[in-house]
Structures are given as C-alpha cells and as structure tokens.
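Q: No sequence on hand, only this structure:
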C-alpha cells in the first residue's frame with residue numbers, strides 16, 4: 001500500500017506513524033519486498049537530500065531502480081507528492097532527521113533540528129514535527145548529526161519513540177558494534193549503519209571504485225549499506241552499476 005491509514009494517528013502537526021492494532025509496523029509494511037530465501041550478499045544504497053532540488057529528485061526517482069532507497073529532507077517543499085511518486089516507482093523511503101553536527105553552530109543542520117542544548121520535551125516536539133512531514137516511510141536517517149548521535153542522553157529518547165512507532169533508524173556515523181548500535185539492540189529498534197559514502201570522491205573513477213568496494217564488503221560480510229548524494233554523475237554511475245550487478 002502507498003499509505004495505510006490504520007498505521008497513523010493525528011498529531012499536532014499532522015499524521016504520525018504508529019504500530020497498528022494488529023501489530024503491523026510501518027518499517028515492515030512500507031519496506032520494499034524481497035525474498036528472504038535468497039541468501040546472496042545484499043547491498044543497500046541510500047540516496048539522500050531528496051526533495052531539495054526538483055530536478056535531482058525527479059532524476060533519482062525515474063532513473064534509479066526501485067531497489068535504491070531515497071531519503072527525503074523533512075523541510076522540502078511538496079514532500080508528500082514526491083514521496084508518493086517515488087513509492088509508485090518502487091523506492092523505499094526514509095526521512096532525514098536533522099541533528100546537531102560536530103561543527104554546530106558553524107554548520108546549520110536545518111529547521112527543527114534535534115540539538116543537545118534542548119530539553120527532551122523540546123526535542124520530542126521537533127521529532128514529532130519531522131515524523132509528520134511524510135507518509136509511508138520506513139524510518140528516519142541521521143546523516144549529519146554526529147554530536148547528537150554520540151550523546152546517549154539525547155539520542156536514547158529519540159530511539160525509544162522510533163521503536164514505539166514501529167520505525168527503523170539509519171545512522172551515518174556508526175557501525176552495528178558501536179555504542180549507538182548497542183543502544184538500538186537493547187531497545188529492539190531496527191537499526192543500520194552506513195559503511196561507505198559512495199561519492200566521497202565525486203569522480204567517475206572514485207564512484208566506480210567505491211561501488212566495487214561495496215561489492216567486496218557485501219561478499220565478505222553478507223550485507224553492506226552505502227550512502228550517496230544526488231549529484232548527476234553519482235546517479236548516472238549507480239544506475240549503470242545496478243543494471244549489471
């Protein structure tokens with residue numbers, strides 16, 4: 001389903017995801033289907049900053065295969081329409097949750113960011129606003145907030161809310177054996193950590209090299225998560241690579 005009303009409730013700022021009365025969780029219901037019996041290595045790729053550029057968003061939705069996950073900025077215009085179009089093309093959806101980076105306040109994570117200087121109630125109010133911005137997504141991604149992610153006092157209440165609402169959490173800064181991974185495991189929160197930034201060197205050779213590294217890591221570890229920005233060259237190289245994987 002593109003959107004199931006039974007998995008939402010009315011909040012102050014709009015519809016919030018919830019676990020259904022029958023126990024169904026949004027992160028499972030809205031996940032891209034796959035065959036769990038297929039034991040081949042798995043590669044997950046998330047293209048972030050969706051919604052900020054109409055051209056880049058349209059290109060990603062239409063040019064990339066549905067197996068590529070798209071992460072949308074919560075403060076983008078026309079967000080729900082863009083998410084619906086992406087879902088109709090088979091893409092799994094995340095919402096970016098702006099969180100305090102190590103370089104804050106020199107680097108601004110955006111409106112309604114979660115900050116270590118705010119109280120738990122204030123951050124929960126901001127989180128609720130973020131969660132109302134889209135529909136039919138599987139969870140949130142922290143892709144900027146290194147300082148917030150490394151503060152258990154501030155991150156744990158956010159994780160608890162995500163668990164209660166049946167969502168997953170993706171973090172750029174940590175692996176499954178980190179403090180954040182251990183916290184997620186303790187809370188029984190579905191969690192993944194990004195291991196590779198695909199276009200850290202945004203050249204043809206650099207991107208192709210990172211995609212090859214992704215394949216090697218997947219063969220070694222069974223699964224791997226890569227992150228990319230919606231540069232035209234990045235989208236082109238991922239599409240070519242995915243067509244022959």
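A: Nice, I can see it. Computed from a predicted model, the values in this text were never measured in an experiment.

Q: ranges for the strands of this protein?
A: 8-10, 15-17, 42-50, 69-72, 93-96, 139-142, 168-171, 191-193, 196-197, 223-228 (DSSP state E).

Q: Wait, residue 190 touches residue 170, no?
A: No: counting by C-beta atoms under 8 Å, residue 190 sits too far from residue 170 to count as a contact (9.4 Å). All C-beta atoms are positioned from the backbone trio N, CA, C, and that covers glycine.

Q: shared neighbours of those two, anything?
A: Common contact partners of residue 190 and residue 170 (C-beta atoms under 8 Å, 6 or more residues apart in numbering): residue 139.

Q: Just want to know which of those two has more residues nearby.
A: Taking other C-beta atoms under 10 Å, residue 190 and residue 170 do not tie; residue 170 has more neighbours (25 against 18).

Q: pLDDT score for the closest residue to the more buried one other than its chain neighbours?
A: Closest residue in space to residue 170, ignoring its immediate chain neighbours: residue 141 at 4.2 Å, by C-beta to C-beta, 6 or more residues apart in numbering. The model reports residue 141 with a pLDDT of 95.

Q: Point out where this structure drops to low pLDDT.
A: Flagging of the chain using pLDDT under 70 yields the residue ranges 1, 173-178.

Q: List the contacts of residue 115.
A: Counting by C-beta under 8 Å, 6+ apart, the residues that residue 115 touches are 99, 100, 104, 123, 148.

Q: ok, and the most crowded of those?
A: residue 99 (31 neighbours).

Q: separation between that one and residue 205?
A: Per C-beta to C-beta, to the nearest Å, residue 99 is found 32 Å from residue 205.

Q: buried stuff in stretch 212-223?
A: The neighbour-count check on stretch 212-223 (16 or more other C-beta atoms under 10 Å) flags 214, 217, 218 as buried.

Q: now residue 75: how far from residue 241?
A: Distance of residue 75 to residue 241, given as C-beta to C-beta: 31 Å.

Q: Against which helices or strands is the biggest helix by length in the chain packed?
A: Longest helix of the chain, by residue count under DSSP state H: helix 204-221. Judged by 3 or more C-beta pairs under 8 Å, 6 or more residues apart in numbering; DSSP states H and E, the packing partners of helix 204-221 are strand 42-50, strand 196-197, strand 223-228, helix 232-243.

Q: switch the cut-off to 6 Å
A: Helices and strands touching helix 204-221, by 3 or more C-beta pairs under 6 Å, 6 or more residues apart in numbering; DSSP states H and E, are strand 223-228, helix 232-243.

Q: can you give me the angle it makes with helix 232-243?
A: 40 degrees (axes from the mean of the first three to the mean of the last three C-alpha atoms, to 10 degrees).

Q: Test my guess that residue 193 contacts residue 171.
A: Yes: counting by C-beta atoms under 6 Å, residue 193 does reach residue 171; the two are 5.3 Å apart.

Q: So these two - more neighbours on which side?
A: Using other C-beta under 10 Å, the more surrounded residue of residue 193 and residue 171 is residue 171, with 25 against 18.

Q: Distance to residue 27 for the helices and strands packed on helix 204-221 - can I get that in TSV?
A: Output for the helices and strands packed on helix 204-221, formatted as TSV (distance: least, C-beta to C-beta, whole Å):
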stretch	distance to residue 27
strand 223-228	15
helix 232-243	23
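
Q: okay, those, which one's buried deepest?
A: Mean neighbour count (mean count of other C-beta atoms under 10 Å) peaks for strand 223-228 among the helices and strands packed on helix 204-221, with a mean of 22.
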